[in-house]
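everything below, folded, please.
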Amino acid sequence: VKLGLEDPEHPLSEKILVRSGVPRAKITYLPNAVDGTINEAKAVRAFLHDRFPHTLALITTKYSSRRARFIFEQVLKEEPVFLFSAPNPYDGSDPQRWWTQPRSALYLLMEYLKLLSNGLSLAAGAGG
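Here you go, the predicted model:
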């Protein structure tokens, strides 16, 4: 922020949405920051409560897309919403060729570990 690389008034995600054609007035943020995808899904459920849109788009990294969709499907399974999962098109990673870069192999391994951990947490009731 001090170097002017980040704008606290308009984060990068908002800039991307606006330049992609989304009116700034249609962009909404959760009232409080949360840690972890399960908590994020719970916060979205609480925030939208009884005013769920017909479709909810999940925009994540390419590596996180499948896990995020799984978690949101579990947490929002009782809600009248269609989930659309779309990896960020500006994410330069290539999960289909994970073996070509050591860092990519690490990201893939981390995602599978998170998926296992999140699945066990949801099965134990963390999604409620």
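
C-alpha only now, for contacts and for neighbours.
Fine.

distance of the most centrally placed residue in the chain relative to R66?
By C-alpha atoms, centre = their mean, the mean C-alpha position of the chain lies nearest to T60, the distance being 4.6 Å. Distance, T60 to R66, using C-alpha to C-alpha, to the nearest Å: 9 Å.

what sits in contact with each of those two?
The contact sets of T60 and R66 overlap at S85 (C-alpha atoms under 8 Å, 6 or more residues apart in numbering).

give the contact list for the residue nearest to the centre of the chain.
68, 85-88.

what is it paired to in the beta sheet?
Using DSSP bridges, the bridge partners assigned to T60 are P87.

cool, L56 as well?
Judged by DSSP bridges, the bridge partners of L56 are L83.

wait, it sits on F82?
Yes: judged on C-alpha atoms under 8 Å, L56 makes contact with F82 at a distance of 6.1 Å.

contacts only, for the nearest residue to T55 once chain neighbours are set aside.
Closest residue in space to T55, ignoring its immediate chain neighbours: F82 at 4.6 Å, by C-alpha to C-alpha, 6 or more residues apart in numbering. With contact set as C-alpha under 8 Å, 6+ apart, F82 has these partners: 54-56.

neighbour-wise, which of the residues you listed leads?
L56 (13 neighbours; other C-alpha atoms under 10 Å).

could you measure from it over to L76?
In this view, L56 and L76 are 11 Å apart by C-alpha to C-alpha.

quick one, what contacts Y63?
Y63 makes contacts with 95, 107-108, 111, as judged by C-alpha under 8 Å, 6+ apart.

quick check, nearest of these to V44?
Of all the contacts of Y63, the one with the least separation from V44 (C-alpha to C-alpha) is E111, at 21.5 Å.
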